[in-house]
Structure formats: structure tokens, C-alpha cells
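Undergrad: Have a look at this prediction, sequence included:
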Amino acid sequence: IYILGIETSCDETAASIIKNGHEIVSNVVASQIESQKRFGGVVPEIASRHHVEQITLVIEEAMEAANLTPSDLNAVAVTEGPGLVGALLIGINAAKAFAFANGLPIIGVHHIAGHIYANQLMQPMVFPLLALIVSGGHTELVVMKEHGSFELIGETRDDAAGEAYDKVARVLGLPYPGGPQIDKLALASDDAVEFPRAWLEPESYDFSFSGLKSAVINYKHNLEQKGGTVIPEHVAAGFQQSVVEVLTTKTVRAAQQYGVKQVIAAGGVAANKGLRTSLDAAFEKEGVPFYVPPISLCTDNAAMIAAAGTQMYLAGIRGNMGMNGRPGMPLTSWNANNTEIVE
Ligand code: ATP
Ligand code: MG
Ligand code: FE
């Protein structure tokens with residue numbers, strides 16, 4: 001089975017072809033990071049314009065690199081939501097055009113399901129499974145009992161982990177995206193500022209990162225008022241320690257409570273070296289297999305969309321030309337709108 005995946009939910013224009021749900025045949029990502037850097041973040045209008053310029057080229061490149069023709073494909077999988085509506089629509093319209101021109105079915109994929117299924121490109125999923133999703137817009141703990149079943153057991157009440165990284169990086173004067181920059185400084189640091197941990201209620205699997213962000217801002221403000229200067233490495237290390245400790249502790253507790261057989265991390269912040277090391281060590285101790293995709297498959301890409309799309313294809317899920325961008329698409333089941341099930 002060959003599935004073409006298309007992803008345009010944020011600031012990456014991406015296309016990929018996956019064979020049998022796990023084999024990467026081609027994987028093309030055109031990033032807009034360089035142009036978004038000037039604005040310190042993603043500007044929706046600019047993101048859309050980039051997608052329009054890139055999408056046809058990126059799909060062509062993915063097809064060429066795979067050395068396949070459209071008749072070799074079984075379906076086109078595209079990110080239906082959540083994300084920036086204008087950005088989503090460009091991928092969806094490109095997918096519709098490609099599918100229509102080549103007589104292929106179209107499948108609408110949830111972006112976060114995609115992040116989770118990036119792991120399928122590395123090793124098969126074993127259920128029940130716990131997924132820690134940490135990305136630019138999401139921080140969630142999800143239990144999966146089978147393919148396409150997503151039980152949300154905890155989520156952020158304010159900022160997403162990636163959002164917190166990007167905001168703190170901005171406070172420290174680091175360029176966008178801030179996550180990788182803070183990660184680098186934190187790892188090189190010989191000391192760390194002590195920042196609070198947001199545990200919330202003892203039983204809760206929810207997260208909160210806005211208090212930590214404020215603590216960093218206050219720390220800088222107070223120090224500078226007293227004539228001191230902030231040492232970015234020490235702030236980065238303290239911030240990262242707080243984030244990593246809370247994420248690791250709650251993920252371990254959830255894995256124990258739900259008795260899962262596998263734990264996976266997904267999303268852009270799963271690229272974080274401090275987090276990867278901490279989760280690795282924690283689950284080694286727990287004796288539960290823990291996996292995280294290589295960094296290039298943690299951040300936005302279309303291989304993960306094609307991987308999830310393949311599972312949907314196998315489940316008989318087919319979308320239609322009524323597909324629309326769904327900025328607030330929920331993740332409960334495969335959850336595609338305008339779909340039918342074929343035998
Ligand atoms: P979502 O997936 O929630 O819709 P998104 O697609 O914008 O949001 P991703 O592309 O999955 O998010 O991840 C981008 C985020 O990951 C950014 O906030 C970025 O700072 C963060 N990030 C990337 N690398 C690292 C790293 N090494 N350490 C921490 N954060 C990182
Ligand atoms: Mg991105
Ligand atoms: Fe993402």
C-alpha cells in the first residue's frame with residue numbers, strides 16, 4: 001500500500017510517500033522557519049502564502065524522489081485539522097486536486113494523530129499504549145487501546161510546552177523557534193536557576209506552563225532591577241528542568257495507572273534532548289518500553305500524516321470532496337468528517 005501524505009497545518013509545507021504504513025519512500029519538508037524568524041513566530045498570512053508557493057513543488061518532489069506515478073498510489077492523506085485554517089486549506093485543496101485528477105480516495109488526518117503515528121515509522125505500536133504529545137500547540141497524555149482510539153487523560157490548562165519554550169526563548173532574546181535554542185543552552189549549562197514546578201492537583205494529569213513562564217519573566221525583571229544580568233544558560237537550564245521533571249513524573253504515573261505496554265513521545269518538543277534522556281531513564285527503571293521518533297519525525301512532516309492515513313485506509317475510512325479545514329478538530333477517534341467506511 002502506498003499513501004501520499006500532505007501536511008500544511010502550520011509553517012511546514014510537506015509531502016511524503018509511505019509504503020505499508022511504516023516504510024518511508026520519500027519525505028520532503030519545506031520549512032518557513034527562516035522567513036518566520038523575522039517576525040519572532042508564525043504569521044498566518046505569511047504561512048499561507050508560503051504554502052501556496054511550495055505545495056505543488058513539494059508534492060512533485062515527493063513523487064519524483066519515490067520514483068512512483070500516481071497510479072501506484074492507493075490514497076492521498078492530508079491534515080484536516082487542527083491548525084491555521086488558511087494553511088490547512090491549501091494542503092486540503094492540493095490533496096483534493098491530486099486525488100480528483102488521479103481517481104484516488106482522499107483521507108483527512110488529525111495532525112496530532114499524525115504526530116503519534118510518527119512512531120509507527122520506527123516500530124509497531126503495542127496496545128494499550130500511552131502517548132505524551134508535546135508540541136507547539138498541544139501538551140497531552142493520550143491512552144490508546146487500539147488503532148484510532150484516543151482517550152485524552154490530561155492536557156495543558158494554558159500554554160503548550162512548545163509555546164512556553166518559544167515564549168521563554170523570546171524573553172531571553174533567542175531567535176524563533178526557541179525550543180532547540182533553550183535545549184542547547186540548558187545542556188551546556190553548569191548551573192540552573194530554581195523555578196517552580198506546576199504539579200496541580202495530586203491526581204491530575206493536566207499541565208500548566210504559564211506560571212513557569214511568568215516566573216522566568218519575574219526572575220529576569222527582579223535581577224535586572226537590582227543591576228544584575230541574566231545568565232541565559234542558567235535560566236534555560238532551570239526552565240528546562242522544571243518542564244522535563246513535570247512531564248516525566250506525570251507520564252510515568254499515567255503509565256503505571258493505566259498499565260500500558262508501550263510509551264511513546266511525539267511532537268516538536270519530543271525533539272528535546274533533556275526530555276528524551278529523562279523519559280528514557282525513567283522508563284528503563286519502570287521496565288516499560290519507551291520510544292521517541294528521530295528529531296526530523298518529531299517536528300511537523302508529512303510522513304507521519306501518511307503513516308496515520310495508512311491505518312485509516314486499512315480501517316476502510318474514506319473522505320470526500322466536501323472536506324474542509326477544521327482548526328479546532330478534536331481527537332477522540334479517527335474523527336474525520338465527511339467520511340464513509342468501505343469494506
Ligand atoms: P501542533 O503540532 O501542536 O499543531 P506545531 O505543529 O506548531 O504545533 P510542532 O512542529 O510539532 O508544533 O513543534 C514545534 C514546537 O517544538 C516549537 O514550539 C519548538 O520550539 C518546539 N521544539 C522543537 N525542537 C525542540 C527542542 N529541541 N526542545 C524543545 N522544544 C523544541
Ligand atoms: Mg512547525
Ligand atoms: Fe505539529
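TA: Yes, it's here. Residues are numbered from 1 along each chain as shown. Ligands and ions are numbered 1, 2, ... in the order given.
Undergrad: my guess is residue 233 is in a helix, correct?
TA: Yes - membership of residue 233 in a helix is supported by DSSP: H, G, I helix; E, B strand; the rest coil.
Undergrad: right, is stretch 30-45 up against ligand 1?
TA: No - Stretch 30-45 stays clear of ligand 1 (C-beta under 6 Å from any ligand atom), getting no nearer than 7.2 Å. C-beta: built from backbone N, CA, C; applies to glycine.
Undergrad: ok, and what's touching that stretch?
TA: Residues outside stretch 30-45 that contact it (C-beta atoms under 8 Å, 6 or more residues apart in numbering) are 10-14, 46-47, 50, 54, 57-58, 84, 86-87, 166, 170, 175-177.
Undergrad: Now which of the residues you listed would you call buried?
TA: With burial judged by 16 or more other C-beta atoms under 10 Å, the buried subset of these is 10-14, 47, 50, 54, 58, 84, 86-87, 166, 176-177.
Undergrad: Tell me which entries of these lie within helices.
TA: 47, 50, 54, 58, 86-87, 166 (DSSP state H).
Undergrad: Take the residues you listed and lay them out in JSON lines including pLDDT and distance to ligand 2.
TA: Below are these laid out as JSON lines (pLDDT from 0 to 100; distance: C-beta to the ion, whole Å):
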{"residue": "47", "pLDDT": "84", "distance to ligand 2": "9"}
{"residue": "50", "pLDDT": "91", "distance to ligand 2": "12"}
{"residue": "54", "pLDDT": "94", "distance to ligand 2": "14"}
{"residue": "58", "pLDDT": "97", "distance to ligand 2": "15"}
{"residue": "86", "pLDDT": "95", "distance to ligand 2": "15"}
{"residue": "87", "pLDDT": "96", "distance to ligand 2": "10"}
{"residue": "166", "pLDDT": "95", "distance to ligand 2": "10"}
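Undergrad: can you count the residues close to residue 302?
TA: If you count neighbours by other C-beta atoms under 10 Å, residue 302 ends up with 33.
Undergrad: Please apply the same query to residue 153.
TA: The number of residues packed near residue 153 is 16, by other C-beta under 10 Å.
Undergrad: cool, the one 4 residues further on as well?
TA: Counted with other C-beta under 10 Å, the burial measure for residue 157 works out to 14 neighbours.
Undergrad: I'd like to know how many residues surround the spatially closest residue to it that is not a sequence neighbour.
TA: Of all residues not flanking residue 157 in the chain, residue 208 sits nearest, at 5.0 Å (C-beta to C-beta, 6 or more residues apart in numbering). Neighbours of residue 208 under the rule other C-beta under 10 Å: 18.
Undergrad: Residue 208 and ligand 1, how far apart?
TA: Residue 208 sits 17 Å away from ligand 1 when distances are taken as C-beta to the nearest ligand atom, to the nearest Å.
Undergrad: Likewise for residue 186?
TA: 9 Å.
Undergrad: Do I have it right that that residue meets residue 236?
TA: Yes - counting by C-beta atoms under 8 Å, residue 236 is a contact partner of residue 186 at 4.4 Å.
Undergrad: If you count surrounding residues, which of those two has more?
TA: Comparing residue 186 with residue 236 by other C-beta under 10 Å, the one with more neighbours is residue 236, at 29 against 24.
Undergrad: So residue 4: helix, strand or coil?
TA: Here residue 4 is strand, with the state taken from three-state DSSP.
Undergrad: May I have the residues that are in contact with the residue nearest to it when sequence neighbours are not counted?
TA: Computed as C-beta to C-beta, 6+ apart, the closest residue to residue 4 that is not its neighbour in sequence is residue 76, at 4.9 Å. By C-beta under 8 Å, 6+ apart, the contact set of residue 76 is 3-6, 95, 98-99, 104-107.
Undergrad: My assumption is that residue 76 lies in a strand; please confirm.
TA: Yes - the assignment for residue 76 (three-state DSSP) places it in a strand.
Undergrad: sorry, back to before: put together JSON lines for the ones in helices among the buried ones among the contacts of stretch 30-45, with distance to ligand 3 on each row.
TA: Output for those, formatted as JSON lines (distance: C-beta to the ion, whole Å):
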{"residue": "47", "distance to ligand 3": "13"}
{"residue": "50", "distance to ligand 3": "16"}
{"residue": "54", "distance to ligand 3": "17"}
{"residue": "58", "distance to ligand 3": "17"}
{"residue": "86", "distance to ligand 3": "16"}
{"residue": "87", "distance to ligand 3": "12"}
{"residue": "166", "distance to ligand 3": "13"}
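Undergrad: Looking at these, which two lie furthest apart in space?
TA: Spatial extent of these (C-beta to C-beta) is set by the pair 58 and 166 at 24.6 Å.
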